[in-house]
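1. With the sequence up front, the predicted model follows.
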Amino acid sequence: MMWGPAVARAAADVALTGVSDVVDVTDLGLDRFDAAGRSRLATDPIALPFPEAVHQSPGLQAPGRLTLS
């Protein structure tokens, strides 16, 4: 994981100043998303895709709720 420090540096730079000398972040603003939340940038072919929808089974409890029986 040799790229880990560079990612941390770029993330800290962007969080603190909005720019980074490590990587070009001009395409990473929130304006890249449309009203439905889809990015205009192509997806990374190696990364796992985000789910389109999440369906909950009727028998499952909502997250954060604990039911004692």
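-> Nice, thanks for sending it over. Numbers count the residues shown, from 1 in each chain.
2. Relative to His55, how far out is Ser39?
-> Counting by Cβ to Cβ, to the nearest Å, the gap from Ser39 to His55 is 23 Å. Any C-beta I mention is one placed from the backbone N, CA and C, and that applies to glycine too.
3. Could you check which of the two is surrounded by more residues?
-> Set Ser39 next to His55 and count neighbours by other Cβ atoms under 10 Å: Ser39 wins out with 12 against 5.
4. mind checking the backbone torsions on the more buried one?
-> phi -80, psi 140 (degrees, to the nearest 10).
5. Also Leu28?
-> Main-chain dihedrals, Leu28, degrees, to the nearest 10: phi -100, psi 10.
6. Now do the contacts for the nearest residue to it once chain neighbours are set aside.
-> Spatial nearest neighbour of Leu28, excluding adjacent residues (Cβ to Cβ, 6 or more residues apart in numbering): Val14 at 7.6 Å. Contacts for Val14 (Cβ atoms under 8 Å, 6 or more residues apart in numbering) come out as 20, 25, 28.
7. Am I right that Val14 is in a helix?
-> Yes. Assessed by DSSP: H, G, I helix; E, B strand; the rest coil, Val14 belongs to a helix.
8. Give the phi and psi angles for Phe33, as a check.
-> The phi/psi pair for Phe33 (degrees, to the nearest 10) reads phi -100, psi 140.
9. Could you do Leu41 as well?
-> Main-chain dihedrals, Leu41, degrees, to the nearest 10: phi -80, psi 150.
10. so how far is Pro5 from it?
-> Taking Cβ to Cβ, one finds Leu41 at 24 Å from Pro5.
11. low-scoring pLDDT stretches of this protein, where are they?
-> Where the chain drops to pLDDT under 70, the residues are 1, 57-69.
12. Show me the residue sitting in the middle of it in space.
-> Phe50 (9.0 Å; Cα atoms, centre = their mean).
13. picking that back up, which of the contacts of Val14 has the most neighbours?
-> For these, the largest number of neighbours (other Cβ under 10 Å) sits with Ser20, at 18 neighbours.
14. Point me to the helix or strand that includes that one.
-> Ser20 is part of no helix or strand, with elements assigned from DSSP states H and E.
15. Return the residues in contact with the spatially closest residue to it that is not a sequence neighbour.
-> Nearest residue to Ser20 in three dimensions, chain neighbours excluded: Asp13, at 3.7 Å (Cβ to Cβ, 6+ apart). Neighbouring residues of Asp13 by Cβ under 8 Å, 6+ apart: 19-22.
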